[in-house]
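> the following comprises the amino acid sequence and a computationally predicted model.
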Amino acid sequence: MKKENLMKLTTKATTKEAILKKKLKTLEELNVKLKKEATKLTEENEDLKKENLSSKLAWKS
């Protein structure tokens, strides 16, 4: 009986571990995508700041 319970618990733990590893991988992939998007948006923001500054300078002259 104890051996059966131990096997059931081991199987349960292994299954949960696999599920958690899959979730972790998904979260890591999402993190990479978000970092890329953040970098892209930061670059776009910098470009817009430069354009805005250029426009202000052109308007003043």
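Looks like it arrived, so ask away.

> gap between the residue nearest to the spatial centre of the chain and Leu24?
Residue closest to the average C-alpha location in the chain (CA atoms, centre = their mean): Asn31, at 1.2 Å. For Asn31, the distance to Leu24 equals 10 Å [CB to CB, to the nearest Å]. Yep, even glycine has a C-beta here, placed from its N, CA and C like the rest.

> ok, now which ones touch Thr42?
If you count contacts by CB atoms under 8 Å, 6 or more residues apart in numbering, Thr42 has none.

> any idea how far Met1 is from it?
Counting by CB to CB - Thr42 and Met1 are separated by 61 Å.

> what's the answer for Lys49, then?
Between Lys49 and Met1 the distance is 71 Å, computed by CB to CB.

> of those two, who's got more company?
Ranked by neighbour count (other CB atoms under 10 Å), Lys49 and Met1 place Lys49 first, with 10 against 5.

> show the pLDDT at the more buried one.
Note on Lys49: pLDDT of 96.

> can you tell me the helix or strand for it?
Assessed by DSSP states H and E, Lys49 sits inside helix 2-60.

> quick one: that helix to chain centroid distance?
Remark: helix 2-60 is offset 0 Å from the chain centroid, using CA atoms, centre = their mean, to the nearest Å.

> how many residues are close by Ala13?
By other CB under 10 Å, 10 other residues sit near Ala13.

> for it, give its distance to Ile19.
Using CB to CB, Ala13 is found at 11 Å from Ile19.
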